[in-house]
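Asker: Model the following, please.
(one chain, ligands or ions: 2)
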Amino acid sequence: MLYSKTTPEDKRRIFRDRLATGELLQFPGAFNPLSARLIEQKGFDGVYISGAVLSADLGLPDIGLTTLSEVAGRAKQIARMTELPALVDADTGFGEPMNVARTIQELEDAGLAGMHIEDQINPKRCGHLDGKQVVDESTALKRIRSAADARRDDNFLIMARTDIRAVDGLDAAIDRAKKLVDAGADAIFPEAMRDLGEFEAVRNAVDVPILANMTEFGKSELFTSSQLADIGINIVIWPVSLLRIAMGAAGRALDTLTEHGNLTSKLDEMQHRADLYDLVDYEGYNHFDTSVFNFTVAK
Ligand SMILES: C[C@](O)(C(=O)O)[C@H](CC(=O)O)C(=O)O
Ligand SMILES: [Mg+2]
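Answerer: Ligands and ions are numbered 1, 2, ... in the order given. You can find the predicted model right below:
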C-alpha cells in the first residue's frame, strides 16, 4: 500500500550484501513508478532509473538538459514505489565537483540505493553514439572523490562510469577504471564495450562490482544474463528496453485505432484492469476504509 516499507538505508544495506555475493543482479529500467512495481513483482533484483528514459519522457534528447531537481524528483517517485534498491543515472554529476557533492546528498535524500557518474564532457550524449568526448583524468577522478566524500550513508553506492573506451580504446578504459576505484568508486560501469572479452578484461582488472549495459541498438552485443554471469559481471541493466517496448506497442495500437476505430483486437496485449489494481494494491486500501474496494473486476 502507498509506498515502499523498506527504508532507503535498508535497501542500500541489502543491495551491498547482495553485491558482495558476486552473483549477477538484474536491474531492468523502470520508465515510471508503476513499472518499478512490475519489475519487483516479476522477481528482479533492482530497478534502474535511466537518464535516457528520464529525458525522453520529457521529450528531450539525452544530452544533459535535465536538471538535478528533475532527476532527483522523478527518481524519488520511482524508488519509493518498490522494496527493491534503485540505481539512478546521474549523467556527468550536474556540474562541477562541488555540484557533484550536492547531487549525492540529494539522491541519498530521494531514497536511492546508488548512482553512477560518467566521465563525458558536457553536453554529453548516449554512450553508444559516435563522437563522444571525455574529460581529463584529473576531472574524472575529482567527480568521484567529491561523490565519495559527500555521502552520509557509506552504503550509498558510488558507481563510476567511464566512456573512454570509444575515445581511446580498451587499455585506456582499464587504466581509468583502476584509477576511478582508487579515487573511491565502489563499482565500475565500463560503457560501450564491444564484446564479452572486453567486459572480462575490465572485470579482471579491478576488484569491485562491474555493471554491463545491455541497451539495444548500441555498440554492445546483447549478451544473455548467463553469459554475463559466467564472466563475473555483477549488475546488468536494460535501461531503455521497457520504454522502447511500451512506445512500440503504443504506436502499433494507435495505428490499429486509426484502421479499425476500436482497440478490441488489442485487449490481449493490454495490462488488464484487474492486474493494474493488483499492482497498485487497490484492495489493500480497505485497511483504511472498507468501502474502497468493495467491487469485483471481471477477469
Ligand atoms: C545507460 C544510459 O546512460 C541511460 O541513460 O539509460 C544510456 C542508454 C541509451 O541511450 O541507450 C547510455 O548512454 O548507454
Ligand atoms: Mg544515461
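Asker: on contacts alone, who are the packing partners of the lengthiest helix in the chain?
Answerer: Taking DSSP state H as the criterion, the chain has its longest helix at helix 241-260. If you count contacts as 3 or more CB pairs under 8 Å, 6 or more residues apart in numbering; DSSP states H and E, helix 241-260 packs onto helix 51-57. C-beta coordinates here come from the backbone N, C-alpha and C atoms, glycine included.
Asker: Can you name the element that comes right after the longest helix of the chain?
Answerer: Going down the chain from helix 241-260, the next helix or strand is helix 273-279, by DSSP states H and E.
Asker: Could you pull up the mean pLDDT of that next one?
Answerer: Averaged across helix 273-279, pLDDT comes to 97.
Asker: How far away from the center of its chain is that helix?
Answerer: Distance of helix 273-279 from the chain centroid (CA atoms, centre = their mean, to the nearest Å) equals 25 Å.
Asker: Also stretch 200-215?
Answerer: That offset, for stretch 200-215, works out to 16 Å (CA atoms, centre = their mean).
Asker: what mean pLDDT does the longest helix of the chain have?
Answerer: Computed over helix 241-260, the average pLDDT equals 98.
Asker: State the number of residues packed around the residue of the chain found nearest ligand 2.
Answerer: Closest to ligand 2 within the chain is Gly51: 3.4 Å, counting by CB to the ion. By the criterion of other CB atoms under 10 Å, Gly51 has 23 neighbours.
Asker: what do you get for Thr7?
Answerer: Quick note: Thr7 (other CB under 10 Å) scores 10 neighbours.
Asker: any idea how far Leu60 is from it?
Answerer: 32 Å (CB to CB, to the nearest Å).
Asker: Could you do Glu70 as well?
Answerer: Distance from Glu70 to Leu60, by CB to CB: 10 Å.
Asker: tell me the contacts of the nearest residue to Phe94 once chain neighbours are set aside?
Answerer: Leaving aside its sequence neighbours, Phe94 sits nearest to Leu68 (CB to CB, 6 or more residues apart in numbering; 4.3 Å). Counting by CB atoms under 8 Å, 6 or more residues apart in numbering, Leu68 makes contact with 94, 99, 102-103, 106.
Asker: go with 10 Å
Answerer: 90-91, 93-95, 99-100, 102-103, 106-107 (CB atoms under 10 Å, 6 or more residues apart in numbering).
Asker: cool, Arg143 as well?
Answerer: 90, 92-93, 95-97, 99-101, 103, 117-119, 135, 158, 160, 180, 183, 185.
Asker: what touches both of Glu70 and Leu60?
Answerer: Leu54.
Asker: Flag every residue of the chain that's near ligand 1.
Answerer: 50-52, 62, 89, 126-128, 213, 215, 218, 239-240 (CB under 6 Å from any ligand atom).
Asker: Tell me, what's the model's pLDDT at the residue most central in space within the chain?
Answerer: Centroid check for the chain by CA atoms, centre = their mean gives Tyr48 as the closest residue, at 2.3 Å. Looking at Tyr48, its pLDDT is 99.
Asker: ok, now Lys219?
Answerer: 88.
Asker: tell me the secondary structure for it?
Answerer: Secondary structure assignment for Lys219 (DSSP: H, G, I helix; E, B strand; the rest coil): coil.
Asker: In stretch 37-45, which residues are buried?
Answerer: Going by neighbour count (16 or more other CB atoms under 10 Å), the buried part of stretch 37-45 is 37-40, 44-45.
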